[in-house]
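Visitor: quick one: sequence plus predicted model below, questions after.
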Amino acid sequence: MSSGSRSPLKLIYAADDELDDETDKLLGNDSDHTLAPSASTVLRDVQHIAKMMPGAGLLHSSAVDPHESAAQHEHSVAEADLLQRGATRGKRRWVGVILIILLNLVSSFGTIAFAPMASIARDHFGFSTLTAINWLTLSSGFMYFLASPVSILVTRFGAKQALLAGSALLIIGSWLRFVGVHRQSYPMVLAGSLLVSASQPFALNLPVYYSDLWFDAEERVATTGLMTLASPLGQAVASLVIPLAVEKPSDMPLTMLVISIVTTVLCSFSILMPFRKKVHVISDLSEAHVNAKQSVYQGCVQLLSTKAFLYILVQFSILVAAFNAVATLSEQMTNPLGYTAVQAGMLTAAMVILGLIASAIGSPILDKSRAWKLPTLMCVSTATVSYFLLAGLLTSSFSSLRYSVAIALYALIGASSLIILPLALELAADVSYPVDTELPATIMWMLGQLLGACFILSMDKLKNISSDGTYGGALLFLVVVLCLPLPMAVLLARSGQVEKGRALRNGEDG
């Protein structure tokens, strides 16, 4: 292939400088063509070129023809060496997956840490109501909204920079909270909580960006889910561990010290994050649609003018907000009815753990089948009905039967919500192409976290004005709001934009 010819599939990759020259020789194109992040990606694209240009195939499965020129033989050897090095580097992507999982795990654990021990924390700081303690969790939603634009800008410099920034905020915030709890200084604890909350955009916005950077289309839903669902797993661990560790106010300083040490150790591994710039695979079909390095403003304008993205945004943000509200207020919703803090923690754990199991089973199936319409409609419907039944159940006093039913409903909410989260993030990336993948994910999480804070605040107020002091009216408010995601899912299924966006994003011809 001559340097002046124009290939039907252009590969634009960012990689280490030492590989640029070899890749240019292999592809025979301009100098900005560099190595793909994995051998499978290179192999797939080179085979695509070979199919489109049979006379100029780059891959040969048979042995080298004895009459082949020395130059052709050298070319084949260079190609094999390049693919081998790509495979070696492709293994590094799992290091990044593990590190993003750890950041999401400790970030969500830290954010929700005070919710499972709300009553004990109130006594520790000498407050008469739970409102001040709720603000330690409420602040996460508002801080997420404020910190998200910064996380977008940092992520544009690379996943490693975003991971390091989030880890630094988390470590500083955790130690501030420990000092505040030790000194019984609520302002210091609130300041630490704000910093911990500011780490969340860096953790939650990375999975879609990283999956798009390192993984093929058939792997992205499962990989995004693996990294994203570490966040609710952190909530489940906190809901189980903290009520067991904190039985009285004097237990709080030691617990916060342990949390700070574990956070520091786990976040320190962020320096091992492999560095790689953004990857684009561009075909003739999508080349005209690509704007290199769109500004954040241009991307936001395009997103907010895309109806399909707005449909996904509404259903995703409401489901995330409802999930966060129930997980945060679980102990307060059930305590007046006779449930203990440990039993409330078990409910939240059931919601998350069953959800993780369902997502672990469902995500690979969704990846392989590429199905999304029926799973979306089923999950949204199941979540709405389960919240409605839970609202009725949590207005009655505790009994073993009601507790068993409550666990089942929490599990259904978790399964239906956590299956759809990674799927919705990938659908948003599809319909919003060619906007950078981290931008739609950031907006979705930002609105979800902000709505979650508003839901918690509203439900707390509704509980305070209720005659019986329960969350029955607050849960009814939640059910009314949850009537919106299902129509949005139907409109998305009828729009036809997902299939079109997938074809463009993956560089397909149909």
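Guide: Received the coordinates, thanks. Residues are numbered from 1 along each chain as shown.
Visitor: can you tell me the closest non-neighbouring residue to Val405?
Guide: Closest residue to Val405 apart from its sequence neighbours, by C-beta to C-beta, 6 or more residues apart in numbering: Leu393 at 6.0 Å. Just so you know, the C-beta spots here come from the backbone N, C-alpha and C atoms, and that holds for glycine as well.
Visitor: residues near the one you found, how many?
Guide: Neighbourhood size, Leu393 [other C-beta atoms under 10 Å]: 17.
Visitor: so what's it up against?
Guide: Shown in contact with Leu393 (C-beta atoms under 8 Å, 6 or more residues apart in numbering): 402, 405-406, 409.
Visitor: now do the SS call for Pro434.
Guide: Secondary structure state of Pro434, per DSSP: H, G, I helix; E, B strand; the rest coil, is coil.
Visitor: thought Leu504 was touching it, still the case?
Guide: Yes - with contact defined as C-beta atoms under 8 Å, Pro434 counts as touching Leu504 (7.3 Å).
Visitor: quick one: the contacts of Leu393 as JSON lines, columns for pLDDT, neighbour count and distance to Ala147 too.
Guide: As requested, these are exported to JSON lines (pLDDT from 0 to 100; neighbours: other C-beta atoms under 10 Å; distance: C-beta to C-beta, whole Å):
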{"residue": "Arg402", "pLDDT": "82", "neighbour count": "16", "distance to Ala147": "40"}
{"residue": "Val405", "pLDDT": "89", "neighbour count": "14", "distance to Ala147": "39"}
{"residue": "Ala406", "pLDDT": "88", "neighbour count": "24", "distance to Ala147": "34"}
{"residue": "Leu409", "pLDDT": "92", "neighbour count": "23", "distance to Ala147": "33"}
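Visitor: just flag the most distant two among those.
Guide: The distance between the two most remote of these (C-beta to C-beta) is 10.3 Å, for Arg402 and Leu409.
Visitor: nearest spatial neighbour of Asp460, chain-adjacent residues omitted?
Guide: Using C-beta to C-beta, 6+ apart, the nearest residue to Asp460 is Asn134, at 5.8 Å.
Visitor: that neighbour sits in which helix or strand?
Guide: helix 131-155 (DSSP states H and E).
Visitor: in that helix, which residues are buried?
Guide: 132-145, 147-148, 151-152, 154-155 (16 or more other C-beta atoms under 10 Å).
Visitor: same thing with stretch 208-228?
Guide: For stretch 208-228, the neighbour count (16+ other C-beta under 10 Å) marks 208-217, 219-228 as buried.
Visitor: remind me what the helix or strand hosting Leu356 packs against, helices and strands.
Guide: With secondary structure defined by DSSP H and E, Leu356 is part of helix 341-369. Using 3 or more C-beta pairs under 8 Å, 6 or more residues apart in numbering; DSSP states H and E as the contact test, the elements touching helix 341-369 are helix 220-228, helix 230-245, helix 307-334, helix 400-431.
Visitor: any chance of those in TSV, plus distance to Pro487?
Guide: Below are the helices and strands packed on helix 341-369 laid out as TSV (distance: least, C-beta to C-beta, whole Å):
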stretch	distance to Pro487
helix 220-228	24
helix 230-245	25
helix 307-334	9
helix 400-431	15
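Visitor: list the buried residues in stretch 258-276.
Guide: By neighbour count on 16+ other C-beta under 10 Å, the buried set for stretch 258-276 is 259-260, 263-264, 266-267, 270, 273-274, 276.
Visitor: which one of those residues sits closest to Ala308?
Guide: Nearest to Ala308 among those is Arg276, at 29.1 Å by C-beta to C-beta.
Visitor: ok so, going back, ramachandran angles for the residue nearest to Val405?
Guide: phi -70, psi -40 (degrees, to the nearest 10).
Visitor: if I look at it, how far off is Val380?
Guide: Applying C-beta to C-beta, to the nearest Å, the value for Leu393 to Val380 is 21 Å.
Visitor: surely Leu462 and Leu478 touch.
Guide: No - counting by C-beta under 8 Å, Leu462 stays clear of Leu478, with 9.6 Å between them.
Visitor: between the two, which one's more packed in?
Guide: Each of Leu462 and Leu478 has its neighbours counted (other C-beta under 10 Å); Leu478 has more, 24 against 17.
Visitor: my read is that that one contacts Lys463, right?
Guide: No - judged on C-beta under 8 Å, Leu478 makes no contact with Lys463 at a distance of 11.9 Å.
Visitor: which residues sit in contact with Leu240?
Guide: Counted by C-beta under 8 Å, 6+ apart, Leu240 has contacts 345-346, 348-349.
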